[in-house]
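In: Have a look; sequence and predicted model below, questions after that.
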Amino acid sequence: MNIATFRPASLQAQLAELKRERSMRAKVYPHLIASGKLDRNTADYQTRGLDGAIVTLERLVAAELRGEPGRKELVDLLRDVRRQARGEDVPDLQQRLDAVLTRIPE
């Protein structure tokens, strides 16, 4: 079995992996810094980047749990709106628009 046969990880699974990695770094980085194998500034920079990614995914997971539309759904919808504006037929566009708009928080 190779990586191509695995389904993409859910946002929640990705978040769990980032948190696992953050925990591992919290244990390993002090030893690497003390041994001179890792510069403290580099470690801090990498840790802040990982912490930022965790916060971003936490927000995305929360939005997903609230039922808010995701980026792909919105982009697909906007592309279809553009197609219709050019005169192309896009079946059920009004229903899709209404369904998505009701899920976007005010």
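Out: It's in. This is a predicted model, so every value here is computed, not measured.
In: What average pLDDT does the longest helix along the chain get?
Out: Using DSSP state H, we find that the single longest helix of the chain is helix 40-65. Helix 40-65 comes out with an average pLDDT of 94.
In: List the buried residues of it.
Out: Going by neighbour count (16 or more other C-beta atoms under 10 Å), the buried part of helix 40-65 is 43, 54, 57, 60-61, 63. Every residue, glycine included, has its C-beta placed from N, CA and C.
In: Now do it: which elements does it pack against?
Out: On a contact count with 3 or more C-beta pairs under 8 Å, 6 or more residues apart in numbering; DSSP states H and E, helix 40-65 meets helix 11-34.
In: ok, now how distant is residue 7 from residue 39?
Out: 38 Å (C-beta to C-beta, to the nearest Å).
In: Compare these two (neighbour count), which wins?
Out: residue 39 (11 against 6; other C-beta atoms under 10 Å).
In: Skip the chain neighbours and tell me the closest residue to the most centrally placed residue in the chain.
Out: Geometric centre of the chain, nearest residue: residue 57, 4.9 Å, by C-alpha atoms, centre = their mean. Nearest in space to residue 57, with sequence neighbours left out and distances taken as C-beta to C-beta, 6 or more residues apart in numbering, is residue 15 at 4.4 Å.
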